[in-house]
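Trainee: no letters, just coordinates:
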């Protein structure tokens, strides 16, 4: 306990004693009491017969009547209850300064007296103010159905020190409709044990935030900050979106956790965590299960975080996924998952770069799973329910980076259709294990070799995959390497290409091997018979045209949205990636469009290079950034001689 915390406790107790002048004033009866707030005024005066929220908190702390707050018996419980009689809709209490800390158990419910939620509107940029502070001694308190917003300075709209506190049905950082931001500086902060944030009552997957769902959006720093404490469960909330789960109302971090053993999502009751700078920032052992991270509430469209999950140096032993509780981590602007300085991480059973069904593309803009300075970790597992689907991402499916990354096992995953490699092992990473070589394969077996020193004279395993390209869409099975570094796999193979990975006894997994095609060889053509010479035909002379000018090609122009560099019909992440790849001198596939950098006439007698989004004469990474910003619905200015982003133009 810090000295500031201890001082605050002492001051709170002293204040309570002074309110009534005797220690007996803080003694409650055997039953709790109900205090009814009947005014929206934020007053504290004995000359007013009404009961304000500020006065009700003091009365509850005292366990006695205070000013206009006269308690009624709350039989069967020692806990007090603060309810409201302010009329229907969303009545607003303008909180001018810090409310007293709550130091005894209490239930505060805004869905009373005909209201949907009661709004606690803070002082904004003026005087520092905290909303509700659930202090030590208020164990078991509940905060229900409030809107808490506009606490923009250093105070917290809702701060929990007590244990076993429940928070459900609140909107923190938005307006009462849950459609736009009314920012707090911080969102909900938890420092006690065994808090439950959200719940399963009223939870309807893929629909709006109702029932126990907290809407934690629009806050300048974290929407939810799990600062310390153990045993915290966060389930069924919308974090970083509007109440419909289709539009972003960003927080800085959606969730930031330093709480050991916290559950972010549970089986069947995950959270929607989208639209934030970072979806989840992890700095302690954490279980992340069943969430939609970077998508809308239906899991079919992007509401991107910049990064889905970031796991830092204190996130050792964290688990992202398995046990039937995989996450959808898709649609994020950069990486789906990024780890740095972590150890013993498990990432299993997730869909990374696909929609909720695991079939349609919903790519992360860069790497599906990026592992930097990370050791002793597992991506996938030996059970089918542990396999990740990692597909369609804008760079690699998995990338293991820097020499401090080793003993990274990648097992059983379905990895396909990523823009670059399915698995990229940077030089020095995973002890430089080399991929196997496939020497032969047909529909019933495959065989090959593995490279020294990892798999010659040492036990190694080989996993065999089928794919249409050079990754590993379908896991076919595994086999062991013999002492000579050779291996054989017997079993049906679907192809059309076969690839393989090797994993050594230390737990380092290689990249995919070069693909081996199962397609049957082309038939040998029959010899062509020699034909008798055909008489030469003298052509009839073609009349000379009287037009002395140079002929103009008759290629018909076609229409495309400006920025749609591959003519797919959408200006999207793939178009941004094409710019970046071209600028890096990597191959680009522009489909039916002109090649990147090719000269084109954009229909107004202006020549330009295809891919030059800002029409400055060169195709570079800034064009990719412009496309990315337009895709993320930011306003992107255009040069005077350049079409507006997304404008339909004729290309010839």
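Mentor: Nice, thanks for sending it over. Predicted model, so just to flag it, every value in this text is computed and none were measured.
Trainee: wait, what's in contact with residue 615?
Mentor: 606, 608, 638, 639, 641, 642 (Cβ atoms under 8 Å, 6 or more residues apart in numbering). From N, CA and C alone the C-beta is placed, and that goes for glycine too.
Trainee: excluding its backbone neighbours, what's nearest it?
Mentor: residue 642 (3.4 Å; Cβ to Cβ, 6 or more residues apart in numbering).
Trainee: hey, where'd the helices end up in the stretch 551-652 of the chain?
Mentor: Per DSSP state H, counting those that start in this stretch, the stretch 551-652 of the chain carries helices over the ranges 573-583, 621-631.
Trainee: most tightly packed of those?
Mentor: helix 573-583 (a mean of 24; mean count of other Cβ atoms under 10 Å).
Trainee: quick one: low-confidence parts of the stretch 401-550 of the chain?
Mentor: Low-confidence segments of the stretch 401-550 of the chain, defined by pLDDT under 70: 519-550.
Trainee: for it, what spans make up the strands?
Mentor: Secondary structure of the stretch 401-550 of the chain, counting by DSSP state E, counting those that start in this stretch: strands at 406-411, 414-416, 423-425, 437-441, 445-449, 460-467, 474-480, 486-490, 497-504, 516-517.
Trainee: so is residue 339 in a helix, a strand, or just coil?
Mentor: Here residue 339 is recorded as strand under DSSP: H, G, I helix; E, B strand; the rest coil.
Trainee: what bridges to it?
Mentor: Counting by DSSP bridges, residue 339 is bridged to residue 311, residue 371.
Trainee: which residues sit in contact with it?
Mentor: With Cβ under 8 Å, 6+ apart, residue 339 has these contacts: 310, 311, 315, 345, 370, 371, 372, 374, 377.
Trainee: check whether residue 590 really touches residue 565, as I assumed.
Mentor: Yes: between residue 590 and residue 565 there is a contact under Cβ atoms under 8 Å: 5.7 Å.
Trainee: any common contacting residues for those two?
Mentor: 578, 596, 610, 611.
Trainee: which residues touch residue 564?
Mentor: Applying Cβ under 8 Å, 6+ apart, the residues near residue 564 are 570, 571, 575, 593.
Trainee: now the phi/psi pair for the second one, please.
Mentor: Recorded main-chain torsions at residue 571 are phi -90, psi 110, according to degrees, to the nearest 10.
Trainee: repeat that for the last one.
Mentor: When quoted as degrees, to the nearest 10, the phi and psi of residue 593 stand at phi -80, psi 170.
Trainee: any idea how far residue 591 is from the residue nearest to it when sequence neighbours are not counted?
Mentor: Excluding its sequence neighbours, the residue lying closest to residue 593 (Cβ to Cβ, 6+ apart) is residue 567, at 4.2 Å. Separation of residue 567 from residue 591 (Cβ to Cβ, to the nearest Å): 5 Å.
Trainee: quick one, which of those two is more surrounded?
Mentor: residue 567 (17 against 11; other Cβ atoms under 10 Å).
Trainee: now do that one against residue 360, distance only.
Mentor: According to Cβ to Cβ, residue 567 stands 20 Å off from residue 360.
Trainee: got it, and residue 501?
Mentor: Distance, residue 501 to residue 360, by Cβ to Cβ: 26 Å.
Trainee: do residue 31 as well
Mentor: Using Cβ to Cβ, residue 31 is found at 57 Å from residue 360.
Trainee: so the two - more neighbours on which side?
Mentor: residue 31 (16 against 12).
Trainee: the more buried one contacts residue 76, correct?
Mentor: Yes: with contact defined as Cβ under 8 Å, residue 31 counts as touching residue 76 (7.3 Å).
Trainee: need the contact list for residue 207.
Mentor: 245, 297.
Trainee: again, 7 Å this time
Mentor: Applying Cβ atoms under 7 Å, 6 or more residues apart in numbering to residue 207 gives the contacts residue 297.
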